[in-house]
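Undergrad: how does the following fold in three dimensions:
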Amino acid sequence: MLAPAVNALAQPVSAPIPVEDVLSVDAAASVEHHSNIFRVTDGASDTVVRALLGVRFERDISLQRITAYATVEPAKYLNFSSYDYFGYTAGGTWAWEVGRPLFGEVTARFARFQTPFDAIPGGQNNLQTLQFGRALFGFRMTQNWSVIGAVDDAVGANSLASQAASDFNRVGAELGVRRVAAGSATDVDFVWRHENGNYPNQQVFDANGNLLPAAVDNAYSQDAVLMRITYRPTDTSRISGNIGYTRRSYQNVSQRDFSGVTGGMDFEWPLSGAVTMRAAIFRTIDSATLPTANYIDAMGIAFRPTWQIGARTSIDAVLAVAARSYKGDPGFVLDGTPVRKDNLNEVGLRLNYEVARRVFVFADAARIDRTSNYVQYAFTDNWFGIGVRAAF
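TA: Modelled structure (predicted):
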């Protein structure tokens with residue numbers, strides 16, 4: 001799987017349709033056929049039926065803003081029914097202010113989803129659960145500048161015993177300053193972030209499934225200096241994301257320690273009155289959504305244009321490339337084998353037609369392939385699908 005920013009078309013229809021109502025409901029259903037459902041070298045085909053039902057609540061109460069949401073996403077495999085699963089996402093945000101100087105935000109999120117088949121070998125059926133909480137506090141020193149601090153905690157678990165080494169608990173803290181100026185096109189945070197990652201189960205197999213010479217504790221300590229920015233040069237264009245320098249240190253097998261530039265930026269701008277371009281570029285070592293107890297040095301770029309053909313018809317496209325290097329896996333240090341390196345490419349199209357207000361039908365066609373210096377990880381998956389989505 002490519003990074004979330006570059007894999008939009010290859011996912012279930014889960015992106016919420018923007019609405020202005022205080023209470024909104026999203027619903028979707030789709031059928032997609034994959035030529036290589038498990039994304040292995042010689043894979044089988046299958047058809048997957050997906051559904052989505054979500055509700056979102058937003059309310060402003062004086063200086064407070066409360067947001068809550070919940071989504072369920074069941075999936076049915078027509079040939080491999082043992083892979084059927086029931087996914088969900090739920091959470092909320094409370095943005096608060098006390099007078100003029102004090103402000104903050106409390107966020108909670110819970111999710112259950114099926115691990116993408118290209119993330120673990122052999123087409124294994126692994127269900128991941130994630131719990132995330134964050135509290136941010138701020139104090140306005142001047143009209144434009146604030147001091148901010150935050151603490152957060154993330155817990156991940158896997159259903160398969162073979163992936164138990166990837167269960168984790170990550171605790172983080174941040175301290176910095178924020179600049180938000182009325183009428184300005186730029187909002188920016190400068191922060192120092194520290195986090196500790198702990199894994200209750202030691203790793204006994206490397207990324208290739210080979211037994212390690214000794215069990216490895218993947219606990220780490222990480223520090224980063226980050227700039228988070230949102231820049232809106234016009235009403236129809238936007239640049240947002242983060243960039244910084246990250247240093248990660250492991251308690252065991254320190255040869256895989258990491259230091260370098262990390263971040264990701266999203267861009268959106270109109271190419272014409274009918275065409276909007278969205279692009280993303282990233283480099284990350286965060287593997288919280290992948291079942292691995294160590295980092296993957298991943299970088300990539302994606303282009304996602306939208307062409308509004310007419311009042312009811314539009315076309316979305318994606319062209320994405322990414323490179324992954326499994327530098328954080330202790331097996332390549334302890335065994336002396338070459339570091340696994342993958343290249344992923346994705347191209348896809350979606351045709352949308354609005355049959356009624358906020359009711360769309362769509363058709364997808366996409367291709368994703370991976371090459372690797374370990375030939376057993378190469379694959380190609382061609383897939384197409386149709387569906388309907390609506391918001392009320």
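
Undergrad: who's in contact with the least confident helix or strand in the chain by mean pLDDT?
TA: Lowest mean confidence among the helices and strands of the chain (mean pLDDT, DSSP states H and E): helix 331-334, at a mean of 84. Helix 331-334 is contacted from outside by 205-208, 210, 212-214, 216, 253, 255-256, 326, 337-340, using Cβ atoms under 8 Å, 6 or more residues apart in numbering. C-beta here means a position set from N, CA and C on the backbone, and glycine is covered the same way.

Undergrad: again, only this time at 6 Å
TA: Asp206, Leu212, Pro213, Val253, Gln255, Arg256, Val339 (Cβ atoms under 6 Å, 6 or more residues apart in numbering).

Undergrad: and of those residues, the nearest to Tyr88?
TA: Using Cβ to Cβ, the shortest approach to Tyr88 within the contacts of helix 331-334 belongs to Asp206, at 32.2 Å.

Undergrad: could you report the neighbour count for the nearest residue to the closest one once chain neighbours are set aside?
TA: In space, and not counting its chain neighbours, Asp206 is closest to Gly331: 2.3 Å by Cβ to Cβ, 6 or more residues apart in numbering. By other Cβ atoms under 10 Å, the residues close to Gly331 number 24.

Undergrad: and what of Gln128?
TA: Gln128 has 24 neighbouring residues, counting by other Cβ under 10 Å.

Undergrad: okay, it: pLDDT?
TA: Note on Gln128: pLDDT of 94.

Undergrad: residues touching it, list them.
TA: Shown in contact with Gln128 (Cβ under 6 Å, 6+ apart): Phe113, Thr115, Asn158.

Undergrad: go again using 8 Å as the cut-off
TA: So Gln128 contacts Ala111, Arg112, Phe113, Gln114, Thr115, Gly156, Ala157, Asn158, Ser159, Thr289, Pro291 (Cβ under 8 Å, 6+ apart).

Undergrad: can you tell me how far Leu296 sits from Arg340?
TA: If you look again at residue 296, you'll see it is Ile, not Leu. Here the criterion is Cβ to Cβ, to the nearest Å. By it, Ile296 lies 9 Å from Arg340.

Undergrad: likewise Val171?
TA: With Cβ to Cβ as the criterion, Val171 and Arg340 are 29 Å apart.

Undergrad: the more surrounded of those two?
TA: Arg340 (20 against 14).

Undergrad: was I right about the more buried one contacting Ser372?
TA: Yes: because the distance of 6.6 Å satisfies Cβ atoms under 8 Å, Arg340 is recorded as touching Ser372.

Undergrad: please enumerate the strands of the stretch 101-250 of the chain.
TA: Per DSSP state E, counting those that start in this stretch, the stretch 101-250 of the chain carries strands over the ranges 102-114, 127-140, 145-158, 168-180, 186-198, 203-205, 211-216, 220-234, 237-250.
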